[in-house]
Structure formats: structure tokens, C-alpha cells
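Peer 1: the following block contains a protein sequence and its predicted model.
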Amino acid sequence: MAILANPFAALDPRIEPIPDNGVVRRNAILNNAASPDPERPGTPSADIIYDGSSATQCFANNSFGTDFPAGITALFPCP
């Protein structure tokens with residue numbers, strides 16, 4: 001599971017690059033970090049990835065082993 005800014009926004013001014021109001025709740029997201037892509041060594045490997053591009057995301061009651069950056073899901077709890 002990843003919430004990321006749209007990397008294609010620079011190609012079209014009509015694209016809103018920032019993801020807003022995302023809710024990641026009650027998901028089983030496990031072992032996705034177990035087999036990172038060897039073709040993309042700089043890509044973070046985790047069950048939940050969030051780039052911090054918007055302060056309006058929330059994460060709650062998910063079963064996961066790893067998040068990137070570590071602790072990011074605790075910083076954005078759902079109300």
C-alpha cells in the first residue's frame with residue numbers, strides 16, 4: 001500500500017499532484033517487504049509506504065509488519 005504524490009503532474013498542469021484525504025483502514029498488508037525488486041535498489045521496501053506529501057492522510061487498524069518511513073502510520077491516525 002502506498003500513498004505518493006503523482007510523479008506525472010509536471011507533464012500536465014491539469015493534474016493535481018498532491019494526494020488528499022486518503023484513508024487506509026482495516027487492511028491486512030503483510031510481507032510485501034520480503035522480496036524487494038532487485039531492479040530498483042533505491043526503492044523503499046515496506047508493507048505501507050507514505051511520502052508525506054499531504055497532511056490529510058490517515059492510517060488505522062491495519063495489520064502490517066513494516067512502514068516507510070518507520071512510524072509514519074502512527075503520525076497520521078484516523079479520527
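Peer 2: Done, it's in. Since this is a predicted model, take the numbers as computed values, not measurements.

Peer 1: show me where pLDDT drops low in the protein?
Peer 2: Of all residues in the chain, none has pLDDT under 70.

Peer 1: helices of that one, residue ranges please.
Peer 2: Along the chain, counting by DSSP state H, helices occupy 72-75.

Peer 1: all strands for it, in order.
Peer 2: Under the criterion DSSP state E, the chain contains strands at 2-3, 23-25, 28-29, 48-50, 58-60, 63-64, 67-68.

Peer 1: who wins for proximity to residue 79 among those?
Peer 2: Of all the strands of the chain, it is strand 58-60 that lies closest to residue 79, at 7.1 Å by Cβ to Cβ. (Each C-beta comes from the backbone N, C-alpha and C, glycine too.)

Peer 1: give me the contacts around the closest one.
Peer 2: Applying Cβ atoms under 8 Å, 6 or more residues apart in numbering, the contact partners of strand 58-60 are 22-26, 48, 50, 72-73, 76-79.

Peer 1: let's see 10 Å
Peer 2: For strand 58-60, the external contacting residues (Cβ atoms under 10 Å, 6 or more residues apart in numbering) are 1, 3, 21-27, 48, 50, 67, 72-79.

Peer 1: and the strands of the chain as CSV, adding distance to residue 37?
Peer 2: Formatted as CSV, the strands of the chain follow (distance: least, Cβ to Cβ, whole Å):
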stretch, distance to residue 37
strand 2-3, 13
strand 23-25, 22
strand 28-29, 17
strand 48-50, 13
strand 58-60, 23
strand 63-64, 19
strand 67-68, 14
